[in-house]
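Chemist: Let's see this in three dimensions:
(2 chains)
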Amino acid sequence: MLGKRLQAAALAALTAMAMPAFAETFPSKPIEFVTQSSVGGGGDVLARQLGEAAREYIGQPMVVTNKPGAGGRNLENHLKTAKPDGYTLVVTTATSVLWYYTGSLTMNVNSELKPVIRLQVEPNLVVVKADAPWKDMKDLIAAAKADKVTFGGLPIGSPEHMFFTKLAKENGFKLSFIAYGGGGEASTSLLGNNIQATILQNSEATDLVRAGAIRVLGVTSPERLTQVEELKDVPTLREQGIDFVFEHWRGIHTLAGVPDETVQFLNNAFQKASEKDSWRKWLKDTGQIQGNLNPAAFKAYTEAQDQLVKQLSTEVGVNKRK
Amino acid sequence: MEFSDALFHGLGRALSIEALLAVSIGVTWGIIAGALPGITASIGMALILPFTWGYGADIALMLLAGVYVGAEYGGSIPAILIRSPGEPSNAPAALDGYAMHARGETGKALGYSLVPGTIASLIGAVAMIALLAPLARLALSFGPPEYFALAIFGISAVVGLARKSLVKGIASAAFGLVLATVGPDNLSGEDRFTYGIPGLLDGISTVTGVIGLLAVSEMFAEINQSNEKQEKISTKVRTTLPSVIEYMRTLPATLIGTVIGIIVGVMPGAGATVASFLAYTESRRFSKDGDRYGQGVPDAIAAPEAANNSAVPTSLVPLLAFGIPGSSSAAIMLGALVMHGLRPGPQLLTGKPEFVYALFGGLITATIAMYVLGRMFIKPWIYILNVPKHYLITIILVVVVVGMLGLNLGVFQVYVVLIAGMVGFLMQRYGFNPVAAVLGLVLGALIEENFRRALVMSRGSLEIFLTRPVSAALLLLALASIAFPLVSEWRKNSAREARSKA
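Modeler: Next up is the predicted model:
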């Protein structure tokens, strides 16, 4: 048993030495996914699913390191100690861009990380309780002008806070906004009629829509959500004359300075993994939408996001980077 | 769903060999994790979650349910034996549990945690599934004004906790309230009292505060005691368990605790810790031994330990009813479900109810496993913790440090917990009340955030707290719980004065 294992190890070592080309020897050890999520959080689960699905294409196990807390600083500090060799990957999300401007992140995704693949998008939905009298954004704005709506969502600087602030400013009503922490407090508060409108991500909302508990007044994606049966008829905000587009997304970055061929290798492996039926089924069952982008397109996308967040946060007065 | 169906299906699934094995492993790990200060139920669940990867979703759920159930009992073991609660929710049990242990009635103290906890856990599991809809409505009916009133009601307990010196008790609670303001202010987006230290960006967590102020401070006190000549506590430790009649006597307190746990457990943002403190103070009103709370009475252990156990199943209600995780432990359950391609919520309940049944069955078998394992290990625990103090203190401090690193918040939390330990030690030494400080820390954010949220709702009018019936009732109760001890104290004093004059 041991002898066999030693033989195998020796063989592996020999092959490794015999192959000079980098692309063929990468990866020769386990790859680490770093995520800001705690175990069981969105980014964590994505990394574990991806690690499982891509294992056969990578040929190495992938381990997840959770670095939650301190507004992303713990994650940053962990990345500072990592080498740009492609063995350290980061699960990035819309907040990775957002928190640079409105939170406590000091790392800029576009200048300090290198995109590998975007995997998933989650458009935001403007929702009200199902028994509320408002059928579209126009109704909601009119009610807000009559001071009948208390808005709620994640704290100051979150997409929903910025959106509702912008909406209030453009339509001339006084915003009453209640900030909640995570853990679905805002959804509970909406269902309990303590707030009248909030923004939810698609995966959080789908089930409540199906159960007839909430109504979606608008989606924040550029186009209608034709992929989701329950939401395909909901108009976008743009269609309703509101200039606001914001998607939540998740993807994989690595450190700036990782060779292009390594990035390409990883992108290929993850691309193949995300074409698997099991991956697609998992996304669908949990209410997420596939949103693959290759490194070049992903780069352009996060740069556009950066501009969008910068402009929006300045406009509503929550930009900490001025 | 028919309750009998649920029971049948759930237990059927939970009685398979692999399910029983998963639950037993979960409970064993849960008791250990719970007993280690610094490793909370949710951290224990997070640590074991990756190992469930290869198994079915129902097995994963049952394993996690086992950890969750076991941890609530496990946390009471160090609370009783070394006055260091293993979980924040076991802090009240440390008061009377340790006093009872100091009298040498260690076995009884542990029994008064285990049996009421078991009863409460079973009732809680049944309530979770049989009363899912009403409990879910209850969770929704609690808005910011109600949370504020509940937290005020909770903090009014300080008056009861600090009988010796009310001023110092209130000062201690105020100190806890100040600690609760550290960190990001969600409502304005500003950081408060963080002084640019990244480690303070999340504020001072309940776990860090409780472990520091109560557990670490106790270790420091022990170290200090070995240098000072002090009256020794009983070294003769008896492992005798309470008799059936003695258990029966704690039944009212157990049931009060159970009901409080069921109700408060449902509410996202409150949970087991708030429930167990409320159970401690509320059961006191009804207990025959109410006057002797703090000196080691059975009711004072039974009520909070029942509350934190019955809060376990009901804290999963928002998750099952709406897909909203109401506590960090429920969030890990949500993670487990998503990992297995399931999304909890109304659809899970109607579309795939077998998972909800399995969870219910898992909770039941986990509770039974908790009782059996707990009962088996009462004596070994006592012997383990009877090792010479200098070994025990060293081991506990190491475990605390490792646990704090396990929180994933970096080495800074270790400093915080040690400083909090020092502060707690000094507080105790000079007659202040670390438990009141913990109460302030636990309830501070609830009070402040919900006060401000309620005022946004009412556009600035304070009337909202009185026009909403639940909030008004809770505030009245709070007022009464502050006034009664003061009035009765004042009466006693004036009677004494009258006598001394006569």
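Chemist: which non-adjacent residue is nearest residue A:236?
Modeler: With C-beta to C-beta, 6 or more residues apart in numbering or on different chains as the criterion, residue A:236 has its nearest non-adjacent residue at 5.3 Å, and that residue is residue A:219. Any C-beta I mention is one placed from the backbone N, CA and C, and that applies to glycine too.
Chemist: who touches that neighbour in this structure?
Modeler: Taking C-beta atoms under 8 Å, 6 or more residues apart in numbering or on different chains as the contact definition, residue A:219 lies against A:123-126, A:225, A:231, A:234-237.
Chemist: What distance do you get for residue B:182 to residue B:203?
Modeler: 5 Å (C-beta to C-beta, to the nearest Å).
Chemist: Check the gap between the closest residue to residue B:271 other than its chain neighbours and residue B:29 for me.
Modeler: Counting by C-beta to C-beta, 6+ apart, the nearest residue to residue B:271 once its immediate chain neighbours are dropped is residue B:327, at 5.1 Å. Remark: distance between residue B:327 and residue B:29 (C-beta to C-beta) = 19 Å.
Chemist: How far does whichever strand or helix holds residue A:164 sit from its chain's centre?
Modeler: Element membership for residue A:164, per DSSP states H and E: helix A:159-171. Centroid separation for helix A:159-171 versus its chain: 21 Å, with C-alpha atoms, centre = their mean, to the nearest Å.
Chemist: Tell me the buried residues in that helix?
Modeler: For helix A:159-171, burial by neighbour count (16 or more other C-beta atoms under 10 Å in any protein chain shown) applies to A:159-168, A:171.
Chemist: Ok, stretch A:236-252 next?
Modeler: In terms of neighbour count (16+ other C-beta under 10 Å), stretch A:236-252 has its buried residues at A:236-238, A:240, A:242, A:244-252.
Chemist: all strands for chain A, in order.
Modeler: Taking DSSP state E as the test, the strands found in chain A are A:31-35, A:62-66, A:88-93, A:113-129, A:151-153, A:177-179, A:197-201, A:214-219, A:247-255, A:289-293.
Chemist: contacting residues around residue B:359?
Modeler: By C-beta under 8 Å, 6+ apart, the residues touching residue B:359 are B:10, B:58, B:61-62, B:65, B:316, B:320.
Chemist: Those residues into a markdown table, with extra columns for neighbour count?
Modeler: Conversion of these to a markdown table gives the following (neighbours: other C-beta atoms under 10 Å in any protein chain shown):
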| residue | neighbour count |
| --- | --- |
| B:10 | 27 |
| B:58 | 25 |
| B:61 | 30 |
| B:62 | 32 |
| B:65 | 33 |
| B:316 | 31 |
| B:320 | 26 |
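Chemist: if you look at these, which of them are in helices?
Modeler: Using DSSP state H, the subset of the contacts of residue B:359 located in helices is B:10, B:58, B:61-62, B:65, B:320.
Chemist: Of the residues you listed, which is the nearest to residue B:42?
Modeler: Closest approach between the ones in helices among the contacts of residue B:359 and residue B:42, by C-beta to C-beta: residue B:65, at 13.1 Å.
Chemist: How confident was the prediction at the residue lying closest to that closest one once chain neighbours are set aside?
Modeler: Distances taken as C-beta to C-beta, 6+ apart place residue B:362 nearest to residue B:65, at 4.1 Å, with adjacent residues excluded. pLDDT recorded at residue B:362 is 92.
Chemist: So for chain B, the centremost residue is which one?
Modeler: residue B:89 (1.6 Å; C-alpha atoms, centre = their mean).
Chemist: which parts of the stretch 151-300 of chain B sit against chain A?
Modeler: Within the stretch 151-300 of chain B, the residues that sit near chain A (C-beta under 8 Å from any C-beta of the partner chain) are B:184, B:186-189, B:191, B:198-199, B:201-202, B:268-269.
Chemist: List buried residues within those residues.
Modeler: Neighbour counting over these (16+ other C-beta under 10 Å) leaves B:184, B:186-187, B:189, B:191, B:198-199, B:201-202, B:268-269 as the buried ones.
Chemist: State the pair within those that is farthest apart.
Modeler: B:198 and B:268 (27.5 Å).
Chemist: Could I get the full set of helices for the stretch 201-322 of chain A?
Modeler: When assigned using DSSP state H, counting those that start in this stretch, the helices of the stretch 201-322 of chain A occupy the ranges A:202-210, A:260-274, A:277-285, A:295-315.
Chemist: buried set for the longest one?
Modeler: To tie it back to what came earlier, the one meant is helix A:295-315. By neighbour count with 16+ other C-beta under 10 Å, helix A:295-315 contains the buried residues A:295, A:298-299, A:301-302, A:305-306, A:309-310, A:312-313.
Chemist: so how far is that helix off the chain centroid?
Modeler: The chain centre lies 13 Å from the centre of helix A:295-315; the measure is C-alpha atoms, centre = their mean.
Chemist: same deal with the first one?
Modeler: Between the mean C-alpha location of helix A:202-210 and the chain-wide mean there is a distance of 17 Å, by C-alpha atoms, centre = their mean.
Chemist: and it, what does it pack onto?
Modeler: On a contact count with 3 or more C-beta pairs under 8 Å, 6 or more residues apart in numbering or on different chains; DSSP states H and E, helix A:202-210 meets strand A:113-129, helix A:185-191, strand A:214-219, helix B:346-351.
Chemist: Next, the contact list for residue B:172, please.
Modeler: Taking C-beta under 8 Å, 6+ apart, one finds B:158, B:162, B:427, B:432-437, B:440 in contact with residue B:172.
Chemist: From these, pick the one nearest residue A:145.
Modeler: For the contacts of residue B:172, with residue A:145 as the reference and C-beta to C-beta as the criterion, the closest is residue B:440, at 41.2 Å.
Chemist: Reduced to three states, what does that closest one come out as?
Modeler: The local conformation at residue B:440, judged by DSSP: H, G, I helix; E, B strand; the rest coil, is helix.
Chemist: Of the contacts of residue A:219, which pair is most distant in space?
Modeler: Based on C-beta to C-beta, the longest span within the contacts of residue A:219 runs between A:124 and A:235 and measures 14.2 Å.
Chemist: So which of those two has more stuff around it?
Modeler: Regarding residue A:124 and residue A:235, a neighbour count based on other C-beta atoms under 10 Å in any protein chain shown identifies residue A:124 as having more, with 27 against 14.
Chemist: separation between that one and chain B?
Modeler: Distance from residue A:124 to chain B, counting by C-beta to the nearest C-beta, to the nearest Å: 17 Å.
Chemist: who touches the residue nearest to that residue when sequence neighbours are not counted in this structure?
Modeler: Distances taken as C-beta to C-beta, 6+ apart place residue A:220 nearest to residue A:124, at 4.3 Å, with adjacent residues excluded. If you count contacts by C-beta under 8 Å, 6+ apart, residue A:220 has them with A:123-126, A:159, A:163, A:199, A:236-237, A:244-247.
Chemist: What pLDDT does the model give residue A:220?
Modeler: You'll see residue A:220 listed with a pLDDT of 91.
Chemist: For residue 291, grab the count of nearby residues.
Modeler: Here I'm looking at chain A. Residue A:291 sits with 21 neighbouring residues when counted by other C-beta under 10 Å.
Chemist: please go with chain B instead
Modeler: Counted with other C-beta under 10 Å, residues neighbouring residue B:291 total 11.
Chemist: Many thanks, have a good one.
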